[in-house]
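Provide a 3D model corresponding to the input given below.
(chains A and B)
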Amino acid sequence: EVQLVESGGGLVQPGGSLRLSCAVSGFTFSSYWMAWVRQAPGKGLEWVANINQDGSRNYHVDSVKGRFTISRDNADSSLYLQMNSLRAEDTAVYYCVRDDPGYAAFEYWGQGILVTVSS
Amino acid sequence: QSALTQPPSASGSPGQSVTISCTGTSSDVGRYNYVSWYQQHPGKAPKLMIYEVNKRPSGVPDRFSGSKSGNTASLTVSGLQAEDEADYYCTSYAGSKGVFGGGTKLTVL
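Residues are numbered from 1 along each chain as shown, chains lettered A, B, ... in the order given. Below you'll find the predicted structure:
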């Protein structure tokens, strides 16, 4: 059974940092592109970042570029999102997703983790 | 990267068909056959319903179908059922990145 389990969310002050983790099981992690998708409270979905199988390529949405960094550890079957200089508008549920089948199609999702940026 | 454009709402009666549009640009929807659609019920993670414009993952009813013409993709739900009431999102590959639509709330009358 495919499982993606996010952790590391919570309440952080503006300007602060958080590192989200996603523990993956049930498939060969190193064979797939992975991504993060977020959803602000009561709002729509937003693609945040993705990373290729060996971590050599990664892309971020313009609104987080320079502040967030996606990474992965294939030995540990884990995906990460380092979030720095957090802003109120980063408040959202963050989902870890497997980027498959095809491109920008996400069949498997984690349960989501809430990040709240507030003073 | 601008979001894809979806109508905020759509509705239909049980048994009817409804089509939701998703308009992008020649850099995303118009350029790639990598449009996918998601269904999201309140408090739940999204569920993939259509990928690569018109393909259905295993387990998705054939009442759900997708198509594309130019810069606009469409999701059609035939034989509407009460459980189809949900938010629907489209997404497109845009060259190394993905872009979502703003979402459409489908109401079954």
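
residues from chain B in reach of chain A?
Applying CB under 8 Å from any CB of the partner chain, we find that chain B lies next to chain A at B:1, B:3, B:32, B:34, B:36, B:38, B:40, B:45-46, B:48, B:51-52, B:55, B:57, B:87, B:89, B:91-94, B:96-103. To be clear about C-beta, it is placed using only N, CA and C from the backbone, and glycine gets the same treatment.

Strands of the chain, start to end?
No chain in the question, so chain A it is. A:3-7, A:10-12, A:18-25, A:34-39, A:45-51, A:58-60, A:68-73, A:78-83, A:92-98, A:108-109, A:113-117 (DSSP state E).

my bad, chain B
Secondary structure of chain B by DSSP E: the strands cover B:9-12, B:18-23, B:35-40, B:47-50, B:64-69, B:72-77, B:86-93, B:98-100, B:104-108.

Tell me the gap between the first one and the middle of its chain.
Relative to the centre of its chain, strand B:9-12 is centred 13 Å away, using CA atoms, centre = their mean, to the nearest Å.

for the chain, what are the low-confidence residue spans?
Let's take chain A. Low-confidence segments of chain A (pLDDT under 70): none present.

not what I meant, chain B
B:1.

Just give me the residue right at the centre of it.
The residue lying closest to the centre of chain B (CA atoms, centre = their mean) is B:Trp37, at 3.7 Å.

got the contact list for that residue?
B:Cys22, B:Leu48, B:Met49, B:Ile50, B:Tyr51, B:Phe64, B:Gly66, B:Leu75, B:Tyr88, B:Tyr89, B:Cys90, B:Thr91 (CB atoms under 8 Å, 6 or more residues apart in numbering or on different chains).

my read: the second one touches A:Phe106, true?
Yes. Contact status for B:Leu48 versus A:Phe106: in contact at 6.1 Å, counting by CB atoms under 8 Å.

Give me the common contacts of the two.
Common neighbours of B:Leu48 and A:Phe106 (CB under 8 Å, 6+ apart) are B:Ser36, B:Tyr38.

So what pairs up with the residue nearest to the centre of chain B in the strands?
B:Ile50, B:Cys90 (DSSP bridges).

Please determine how far it is located from B:Thr76.
Distance from B:Trp37 to B:Thr76, counting by CB to CB, to the nearest Å: 10 Å.

Need the residues touching each of these two.
B:Phe64, B:Gly66.

before we move on, the earlier item: looking at B:Leu48 and A:Phe106, which has the bigger crowd around it?
When B:Leu48 and A:Phe106 are compared for neighbours, A:Phe106 comes out ahead with 26 against 21, by other CB atoms under 10 Å in any protein chain shown.

If you drop the residues flanking it in sequence, what lies closest to the more buried one?
In this structure, A:Phe106 finds its nearest non-sequential neighbour in A:Val97, 4.0 Å apart by CB to CB, 6 or more residues apart in numbering or on different chains.

Tell me which residues touch the closest residue to chain A within chain B, please.
Of all residues in chain B, B:Gly98 sits closest to chain A, at 3.5 Å by CB to the nearest CB. The contact partners of B:Gly98, by CB under 8 Å, 6+ apart, come to A:Ala35, A:Trp47, A:Asn50, A:Tyr103, A:Ala104, B:Thr91, B:Ser92.
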